[in-house]
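>>> Any chance you could fold what I've pasted below:
(chains A and B)
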Number of protein chains: 2
Amino acid sequence: MSGTTGLAIEAVDVLRAAERIRGVAVRTPLLEFTPLNERTGRRTLVKFEGAQHTGSFKFRGAYNRLSQLTDAQRDAGVVAWSSGNHAQGVAAAARLLGISATIVMPSDAPTVKVESTRAYGAEIVTYDRFLESREEIALSLASSRGAVLVPSFDDPDIIAGQGTVGLEIRQQTDELGVEIGDVLVCCGGGGLVAGIATAVKHAKPSARIYSVEPEAFDDTARSLASGRRERVDPAARSICDALLAPSPGELTFPINRRLLTAGLRVNDDQVLAAMRFAFQNLKLVVEPGGAVALAAALADAVSTGSGTIIVVVSGANVDPHIYRRSLGDRP
Amino acid sequence: MSGTTGLAIEAVDVLRAAERIRGVAVRTPLLEFTPLNERTGRRTLVKFEGAQHTGSFKFRGAYNRLSQLTDAQRDAGVVAWSSGNHAQGVAAAARLLGISATIVMPSDAPTVKVESTRAYGAEIVTYDRFLESREEIALSLASSRGAVLVPSFDDPDIIAGQGTVGLEIRQQTDELGVEIGDVLVCCGGGGLVAGIATAVKHAKPSARIYSVEPEAFDDTARSLASGRRERVDPAARSICDALLAPSPGELTFPINRRLLTAGLRVNDDQVLAAMRFAFQNLKLVVEPGGAVALAAALADAVSTGSGTIIVVVSGANVDPHIYRRSLGDRP
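You can find the predicted model right below:
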């Protein structure tokens, strides 16, 4: 706990994270596109985390966490589990800091994510997402090696690191003289949206922050409505490989419950359409999980709001065959 | 002619163009990517004109030209010919300024470019690129309507407008504290590279500016070598629909002859590989003609240079079937 709110992080923790990642992480661009403004009917700005190291925001939290390890912890190495973006973030941060990393990844993770994680020098252990427990495998590995386990969202330093996205949104909208209205952020375990909400609401209490989830993985939306941490159906499926967390985090949910306006949902067809929209009109490559916030904006999910819409495009690591599918069969 | 150099434009003309497009055109981002740095072995920055209005740099020159028309000229409208990017640039600038635009486009222009030009409200007249003369059709249209013809590159205001890309590169590298080494720029008629060279060389005389062309359309490279304006073989073909100009411009060539270090060439396979590299590593959509400078960088075309490499990715308007081809058949 930090400070007096009883929440896992406060705005000052995001500021400290920003100091740690300064000059290491990319300050990603906040971009504007006429076709998107015309489609939403309001000024809409896109925070493009595909331009971050490793192609997603996950590098921020991973570097914030790993840079604070003691020498003894660095020597023992780190272990993480991830479908791919946290894997790459941890692997890249570990390489920069000279730490050995072992990542537990599902056997059906996107090829691009597995290859990239390996290219950053991490050791990869695969498991069957439907039969085995990644937690058990990772805990056993960490325990046998004395290694530090690096959670993908339920950790104060991870949440604060992801929150630097929100800090940059504040700075960049200030530079543009823009008033933040609605902020749309993808949500798996809720670390990114919790971090962004912490940073944005601290300075702009009137901003409305929304989590966006695949409709079969709407645990945060249902939890926000019920007030307790709901779980997804184990049989649920989605094209959004990055957003398959089974329930809101123990640390992220109290933050999101306090700071979010509501949870939004999009379906896989809307996600594919958003990827195609980004190809045609934004000229940005977007992965399925990175496209949910854009999909919500295109579906007029916040059409009753006012002020500028901020769409966080959180990642861009997508296998070509999925991307080709988003482009369709027509010329 | 402008000033004392005998060239069509000087650096001050680019400054004036920058004043005209300020707040109207996008100040596009200058981006850095670890995988590209590692591939070239030098710090490499990407100027991404896909983020410009209409998805290419062409809006800059078009707006600079059209914003200077007299009221009578605005009332009579404008005519242009273009394979698609200049078409969209003129159409979008004309719409903003309340001017009617007629664009002569080849019947085999990319669908995305034709549809977008029409969406900006322009009238489109198509012609057969191998049988008809676009110049004759456009001149006849302009003459019968009393309309102003807006050339795609051989015009001082067009060149100066495109040169604002170079001015932004100067400003953005100054902000980063970066010394410009080699600048790689695509080349059709040579307007973009002439404008960029004018802006960059004025402040950084030691910078080396290279044009990059499809190998079958290497008229500028051969002209720079021979000292006179060479022509391409009429039977030449390339996937780079934006770079099919038959010879260097009357106004652009003297600038490029004075300011460029050399002309580089890439083939269609290198272009497709560069598009795929951008998908995987830069997360940016790039059209074939927009990828030639990146292709040259990936081919180590300037490996003997020093300082930072600037790669201008000039456009991103590509039909899905061509893009799918660049991604290949593998997962």
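>>> Those residues of chain A touching chain B, which are they?
A:26, A:29, A:31-34, A:48, A:50-51, A:53, A:55, A:111-112, A:276, A:279-280, A:283-286, A:316, A:319-321, A:323-324, A:327-328, A:330-331 (Cβ under 8 Å from any Cβ of the partner chain). Just so you know, the C-beta spots here come from the backbone N, C-alpha and C atoms, and that holds for glycine as well.
>>> Of the residues you listed, just the buried ones, PyMOL syntax please.
Typed into PyMOL, the line below selects the buried ones among these, using 16 or more other Cβ atoms under 10 Å in any protein chain shown:
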select buried, chain A and resi 26+29+31+32+33+48+50+51+53+55+112+276+279+280+283+284+285+286+316+319+320+323+324+327
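>>> Do a quick rundown of the strands in chain A.
Assigned by DSSP state E, chain A shows strands spanning A:30-32, A:44-48, A:78-81, A:101-106, A:123-127, A:148-149, A:180-186, A:208-214, A:262-266, A:308-313.
>>> how about a markdown table for those strands, with mean pLDDT added?
Supplementary listing: these in a markdown table, determined by pLDDT from 0 to 100:
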| stretch | mean pLDDT |
| --- | --- |
| strand A:30-32 | 97 |
| strand A:44-48 | 98 |
| strand A:78-81 | 96 |
| strand A:101-106 | 95 |
| strand A:123-127 | 95 |
| strand A:148-149 | 96 |
| strand A:180-186 | 98 |
| strand A:208-214 | 98 |
| strand A:262-266 | 98 |
| strand A:308-313 | 98 |
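>>> Please name whichever of these is nearest to B:Pro151.
strand A:30-32 (29.1 Å; Cβ to Cβ).
>>> Mind listing residues that contact the closest one?
Identification of contacts with strand A:30-32 by Cβ atoms under 8 Å, 6 or more residues apart in numbering or on different chains yields A:43-48, A:168-169, A:172-173, A:176, A:282, A:284, A:310, B:26, B:29, B:51.
>>> Low-confidence ranges, the stretch 101-250 of chain A, go.
In the prediction, the stretch 101-250 of chain A carries no residues with pLDDT under 70.
>>> Going by proximity to chain B, name the top residue of it.
A:Thr111 (5.6 Å; Cβ to the nearest Cβ).
>>> Spatially central residue in chain A, please.
Nearest residue to the geometric centre of chain A (Cα atoms, centre = their mean): A:Leu192, 4.7 Å.
>>> how near is the closest residue to A:Gly61 other than its chain neighbours to A:Gly290?
Excluding the flanking residues, the one nearest A:Gly61 by Cβ to Cβ, 6 or more residues apart in numbering or on different chains is A:Gly161, at 3.3 Å. Look at A:Gly161 and A:Gly290: by Cβ to Cβ, to the nearest Å, they are 18 Å apart.
>>> follow-up on the earlier one: thinking the residue nearest to A:Gly61 is in contact with A:Tyr63, fair?
Yes. Counting by Cβ atoms under 8 Å, A:Tyr63 is a contact partner of A:Gly161 at 6.6 Å.
>>> Between the two, tell me which one has more neighbours.
A:Gly161 (35 against 26; other Cβ atoms under 10 Å in any protein chain shown).
>>> what sits against that one?
A:Ala17, A:Arg20, A:Ile21, A:Arg60, A:Gly61, A:Ala62, A:Tyr63, A:Asn64, A:Arg65, A:Gly195.
>>> let's go with 7 Å and repeat that
A:Ala17, A:Ile21, A:Arg60, A:Gly61, A:Tyr63, A:Asn64, A:Arg65 (Cβ atoms under 7 Å, 6 or more residues apart in numbering or on different chains).
>>> again with A:Tyr120
A:Gln88, A:Ala91, A:Ala92, A:Arg95.
>>> Can you select the buried ones from those residues in ChimeraX?
Selection of the buried residues among those in ChimeraX, burial being defined by 16+ other Cβ under 10 Å:
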select /A:88,91,92
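>>> Same list, the contacts of A:Tyr120, but as a markdown table with distance to B:Arg265 and pLDDT please.
What follows is those, written out as a markdown table (distance: Cβ to Cβ, whole Å; pLDDT from 0 to 100):
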| residue | distance to B:Arg265 | pLDDT |
| --- | --- | --- |
| A:Gln88 | 35 | 96 |
| A:Ala91 | 38 | 97 |
| A:Ala92 | 35 | 97 |
| A:Arg95 | 36 | 97 |
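>>> From the contacts of A:Tyr120, which land in helices?
A:Gln88, A:Ala91, A:Ala92, A:Arg95 (DSSP state H).
>>> picking up where we left off before, nearest residue to the residue nearest to the centre of chain A in space, ignoring adjacent ones along the chain?
A:Leu192 sits nearest to A:Gln162 (Cβ to Cβ, 6+ apart), 4.4 Å away.
>>> repeat for A:His202
Per Cβ to Cβ, 6+ apart, closest to A:His202 is A:Ala11, 3.6 Å.
>>> I'd like to know how far the closest residue to A:Arg237 other than its chain neighbours sits from B:Leu69.
Nearest residue to A:Arg237, sequence neighbours excluded (Cβ to Cβ, 6+ apart): A:Ala216, at 6.3 Å. As for A:Ala216, its distance to B:Leu69 is 55 Å (criterion: Cβ to Cβ).
>>> what's the burial count for A:Ser140?
When neighbours are defined as other Cβ under 10 Å, A:Ser140 has 13 of them.
>>> In contact with A:Leu141, which residues are there?
Contacts here follow Cβ under 7 Å, 6+ apart; on that basis A:Leu141 touches A:Val79, A:Thr102, A:Val125, A:Ala147.
>>> ChimeraX command to pick out the buried ones of these?
Paste this into ChimeraX to select the buried members of the contacts of A:Leu141, with burial taken from 16+ other Cβ under 10 Å:
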select /A:79,102,147
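>>> Show me the two of the contacts of A:Leu141 that sit farthest apart.
A:Val125 and A:Ala147 (12.3 Å).
>>> how about A:Phe48, what does it touch?
A:Thr28, A:Pro29, A:Leu31, A:Leu284, A:Val313.
>>> hang on, I meant A:Leu167
Applying Cβ under 7 Å, 6+ apart, we find A:Leu167 in contact with A:Val14, A:Ala18, A:Ala199.
>>> Contacts only, for the second one.
Taking Cβ under 7 Å, 6+ apart, we find A:Ala18 in contact with A:Thr164, A:Leu167.
>>> Ok, the first one next?
Listed by Cβ under 7 Å, 6+ apart, the contact partners of A:Val14 are A:Ala160, A:Gly163, A:Thr164, A:Gly166, A:Leu167, A:Gly195, A:Thr198, A:Ala199.
>>> Just the contacts of A:Leu167: which are in helices?
Using DSSP H, the contacts of A:Leu167 in helices are A:Val14, A:Ala18, A:Ala199.
>>> Surely the last one and A:Gln171 touch.
This points to A:Ala199. No. The criterion here is Cβ atoms under 7 Å, and A:Ala199 misses it with A:Gln171 at 9.9 Å.
>>> Mind checking which of the two has more residues around it?
A:Ala199 (29 against 15).
>>> How about that one: what's its closest non-neighbour residue?
Using Cβ to Cβ, 6+ apart, the nearest residue to A:Ala199 is A:Gly166, at 3.2 Å.
>>> tell me the domain ranges of chain A?
A:11-57+A:156-326, A:59-149 (automatic domain parsing).
>>> B:Leu259: which of those domains is closest?
Smallest distance to B:Leu259 across those (Cβ to Cβ): 28.8 Å, for domain A:11-57+A:156-326.
>>> residues near the residue nearest to A:Arg237, how many?
18.
>>> Surely it and A:Ala235 touch.
No. In this structure, A:Ala216 is not within contact of A:Ala235 by Cβ under 7 Å, at 8.8 Å.
>>> Can you tell me how far the closest residue to A:Ile99 other than its chain neighbours is from chain B?
Leaving aside its sequence neighbours, A:Ile99 sits nearest to A:Arg74 (Cβ to Cβ, 6+ apart; 5.0 Å). For A:Arg74, the distance to chain B equals 21 Å [Cβ to the nearest Cβ, to the nearest Å].
>>> Would you mind finding the longest helix in chain A?
Per DSSP H, chain A has its longest helix at helix A:156-176.
>>> In that helix, which of the residues would be classed as buried?
Buried residues in helix A:156-176, defined by neighbour count with 16+ other Cβ under 10 Å: A:156-170, A:172-173.
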